[in-house]
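Visitor: Sequence and predicted model, in that order:
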Amino acid sequence: MNGFLTWWGAVWDVWHTPIRIIAIITGAVIARSLLLLSVRRVVRGVIAGMNGKAAVASGLVANARVVQRSRTLGSVLSNFFTWTVVLVALSSVLSELGVAVGALVAGAGILGAALGFGAQSLVRDLISGIFIVFEDQYGVGDSVDLGQATGVVESVGLRVTQVRDVSGVLWYVRNGEVVRVGNQSQGWSRVVLDIPIDYSAPVEKAREVILKAALSISVDKTFTKELMGEPEIWGIELLSGEQVVLRLVQQVGPSHADEVARELRARIKTALDKNKIALATTKTPIHVEVSGKTVK
């Protein structure tokens, strides 16, 4: 035992700095792994709880929002813990190497104040990102309209939000540039269809045919879970000498408006054709007089 202590004392006198650095790096790696594991376990626990039978009564929409927000917060916390551990480990390693960390911090503060005027947009992005996450304005998987980009949110960071549009283009939107958010995935959406029929077509019959076609989708198992309530015809939205526009609305679950709208259009078109109800045309007849006779 005494021989080992003597040997270790000699090794420590020569290699104490590298040993401390290795210990700091090892401790940082272990600490980061434990923190990220804790975050993942919490997120998995929340998701499992929302998917459990006991959570069904609270509503599927609310559960989905909690799951999406948990994943977003988990991503943000993982990045925060990673950078915190890295900065602490780096400062400790520099201190072991004899670098005056305090002087570096003071110098960095002065430099930061000097660069602050030029980094105002970065600070605004970070602050906006914090409020976006904690106010739950949108999360991963939401269908949103951010003004600059419209599509599905794939990642929410403190500085940048990634949105994939319908064409597959991935947009990187700075959080500080998000002035307004249109979120189609919170609560419910609504399909609004304006159906123009010919002015001479029987309006009441057209209403019955359109409503019957819209109701037929509710018995289709493919769309049953996506519908909320029954379709309604609010009435005549537009009236002119060429057309009568009837407005049909159907409340649906979040992010399902597009597919339901496509199916409704197809069924309404088929029903109108079957009942020989003509849709309005944008063609404008021109009457020309030829040899004293009016020709259309």
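Guide: All right, it came through fine. Residues are numbered from 1 along each chain as shown.
Visitor: if I've got this straight, residue 139 is in a helix?
Guide: No. With the criterion set as DSSP: H, G, I helix; E, B strand; the rest coil, the secondary structure at residue 139 is coil rather than a helix.
Visitor: Do a quick rundown of the strands in this protein.
Guide: 143-145, 150-156, 160-164, 170-174, 182-183, 189-198, 232-239, 243-252, 288-290, 293-295 (DSSP state E).
Visitor: Flag the shaky bits of the stretch 151-296 of the chain, pLDDT-wise.
Guide: Under the criterion of pLDDT under 70, the regions of the stretch 151-296 of the chain flagged as low confidence span 282-296.
Visitor: Could you rerun that using 80?
Guide: Per-residue confidence of the stretch 151-296 of the chain (counting by pLDDT under 80) places the weak regions at 157-158, 185-187, 224, 254-256, 281-296.
Visitor: rewinding a little: now for the strands of the chain, which one comes closest to residue 36?
Guide: The closest approach between residue 36 and any of the strands of the chain, judged by Cβ to Cβ, belongs to strand 150-156 at 16.9 Å. In short, each C-beta sits where N, CA and C put it, glycine included.
Visitor: okay, now the domains of the protein?
Guide: For the chain, the domain assignment from automatic domain parsing gives the residue ranges 2-116, 137-183, 189-274.
Visitor: Dump these to CSV, plus distance to residue 127.
Guide: Conversion of those to CSV gives the following (distance: least, Cβ to Cβ, whole Å):
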stretch, distance to residue 127
domain 2-116, 13
domain 137-183, 8
domain 189-274, 28
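Visitor: which stretch among those domains comes nearest residue 125?
Guide: domain 137-183 (4.0 Å).
Visitor: what about that closest one, how long is it end to end?
Guide: Length of domain 137-183, first residue to last, Cα to Cα, to the nearest Å: 8 Å.
Visitor: now swap in stretch 229-246 and tell me
Guide: In stretch 229-246, first residue to last residue: 19 Å (Cα to Cα).
Visitor: Residue 279 is nearest to which of the strands of the chain?
Guide: Distances from residue 279 to each of the strands of the chain were compared using Cβ to Cβ; the shortest belongs to strand 189-198, at 5.9 Å.
Visitor: Just name whatever secondary elements the closest one is in contact with.
Guide: Under the contact definition 3 or more Cβ pairs under 8 Å, 6 or more residues apart in numbering; DSSP states H and E, strand 189-198 sits against helix 203-215, strand 232-239, strand 243-252, helix 257-274.
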